[in-house]
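In: Next comes the sequence, and after it the predicted model I'd like to discuss.
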Amino acid sequence: MNEKTSSLPEERQKAIQTDNLTKYYGKARGITELNLSVEKGEFFGFIGPNGAGKSTTIRTLLGLISPTSGSAQILGKDIIKEKKEILQNIGYLPSEAAFYPGMKVKDVLTLSAAMRKTDCTKEAEKLCDRLQLDTSRKVDELSFGNRKKAAIVCALQSYPELLILDEPTGGLDPLMQREFFDILRERNRNGATIFLSSHVLSEIQRNCTRAAIIREGRIIACDSVDALSKTNAKRVAVHGSVALDGLGKIRDRIDGDGSVSFLYSGDIDLLLRTLLAGHVTDLSISEPDLEEIFLHYYEKDGDRT
């Protein structure tokens, strides 16, 4: 099966393809029957809070841990049988960067490039300049944010075909986050596939075209970001005095001084009649943001609004 997958024409190969990929730590759940497909050239988001299974998925895909069952291919290659070839063609950014102690940043970058048998000097210089990274310092002396910058340069300097990024912006200040995503968008425009794992929904909404939502080790939704953001629920903000008890389908109610805000997915005629029966001094009805929709996916029953 894997040899057949590797022989597929390039245009038919996926950047990432999993088939019921499962990982258990003893009896503890890691990921369960994960089916995921990422096209080459996509900027793909992988959404979920801490503990949902994002890092386990990535570590399994990279061959850092072995799957319990199921299979997966990266760039048409089997993650178990062709792990070495896979690692030569991807850039990986872990959520927490760790380096050999005592090394200077420039030596870490040189070592990373040497492991790929590639001269990355010019690209590394460009990236370090854009990220304001001092390569003369020892990695032991770096702040968490600067260690993250060093890890970013290690991942990007060889211009890999696929970038797998696990919570990449932790420790970066807002200006560096903006520069980092500018770099990622440039790489994506030049053909690189980007797999972005994050619990920061604004990062996904601003940069990704498609995304998957993972909950308790399972994919519960996968679609375009626009489609995931669509719902019949509305964010209603009312100023005044209104009795809302008869509306029923109210979520995320926030009461203020003379105001109330809530998500509503019921009958619009009923909403309007209820508002007309009260005393409304101001009213706004808008689309909920992605974060509100994401939280709804995480409700116990998993039903969409």
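Out: Noted; the coordinates are in hand.

In: So which residues make contact with stretch 204-216?
Out: By C-beta atoms under 8 Å, 6 or more residues apart in numbering, the list of residues contacting stretch 204-216 from outside reads 29, 31-32, 34, 36, 38, 42-48, 52-54, 57, 181, 184-185, 196, 198, 219-225, 228-229, 289-290, 294, 297-298, 302. C-beta here means a position set from N, CA and C on the backbone, and glycine is covered the same way.

In: What of stretch 138-156?
Out: 91-94, 97, 99-105, 108-109, 112, 123-124, 127-128, 131-134, 137, 163, 165, 168-173, 176, 180, 183, 187.

In: What residues sit buried inside that stretch?
Out: Going by neighbour count (16 or more other C-beta atoms under 10 Å), the buried part of stretch 138-156 is 139, 142, 146-156.

In: Using neighbour counts, trim the contacts of stretch 204-216 to the buried set.
Out: Among the contacts of stretch 204-216, those buried by neighbour count (16+ other C-beta under 10 Å) are 31-32, 34, 36, 38, 42-48, 52-54, 57, 181, 184, 196, 198, 219-222, 225, 228-229, 290, 294, 297.

In: residue ranges of the strands in the stretch 101-250 of the chain, please?
Out: 162-166, 193-198, 210-215, 218-224, 234-241, 250-256 (DSSP state E, counting those that start in this stretch).

In: Nearest to residue 282 among those would be which one?
Out: Taking C-beta to C-beta, strand 234-241 is the member of these nearest to residue 282, at 3.9 Å.

In: rewinding a little: helices - which of the contacts of stretch 204-216 land there?
Out: Using DSSP state H, 54, 57, 181, 184, 185, 225, 228, 229, 290, 294, 297 are the members of the contacts of stretch 204-216 that sit in helices.

In: From these, which shows the smallest pLDDT?
Out: In terms of pLDDT, residue 290 ranks lowest among these, with 64.

In: Filter the contacts of stretch 138-156 down to the buried ones, PyMOL style.
Out: Buried members of these, defined by 16+ other C-beta under 10 Å, are picked up in PyMOL with:
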select buried, resi 91+92+93+94+97+99+103+104+105+108+109+112+123+124+127+128+131+133+163+165+168+169+170+171+172+176+180+183+187
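
In: quick one: residue 104 and residue 134 touch, right?
Out: No - Residue 104 lies out of contact with residue 134 (C-beta atoms under 8 Å); the separation is 9.7 Å.

In: which residue is nearest the middle of this protein?
Out: residue 197 (2.7 Å; C-alpha atoms, centre = their mean).

In: and it, bridged to which residues?
Out: residue 46, residue 166 (DSSP bridges).

In: about what we covered before: make CSV from the strands of the stretch 101-250 of the chain and add mean pLDDT and distance to residue 67 to it.
Out: Converted to CSV, those look like this (pLDDT from 0 to 100; distance: least, C-beta to C-beta, whole Å):
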stretch, mean pLDDT, distance to residue 67
strand 162-166, 97, 16
strand 193-198, 96, 17
strand 210-215, 92, 16
strand 218-224, 91, 15
strand 234-241, 89, 41
strand 250-256, 80, 37
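
In: residue ranges with poor pLDDT in this protein?
Out: The model of the chain has pLDDT under 70 over residues 1-12, 231-232, 289-291, 293, 295-305.

In: longest strand in this structure, by residue count?
Out: Counting by DSSP state E, the longest strand found in the chain is strand 16-25.

In: Check which residues of it are buried.
Out: The neighbour-count criterion (16+ other C-beta under 10 Å) identifies 16, 17, 18, 21, 22, 23 as the buried residues of strand 16-25.

In: Touching that strand from outside, list them.
Out: By C-beta under 8 Å, 6+ apart, strand 16-25 touches 5, 30-38, 44, 56-57, 60-61, 65-74, 162, 193, 195.

In: From those, keep the buried residues only.
Out: By 16+ other C-beta under 10 Å, those give 5, 30-32, 34, 36, 38, 44, 56-57, 60-61, 67, 70-74, 162, 193, 195 as buried.

In: re earlier: okay if I get the buried residues of stretch 138-156 as TSV plus distance to residue 262?
Out: Shown next, in TSV, are the buried residues of stretch 138-156 (distance: C-beta to C-beta, whole Å):
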residue	distance to residue 262
139	49
142	46
146	43
147	43
148	38
149	42
150	45
151	42
152	41
153	46
154	46
155	43
156	43
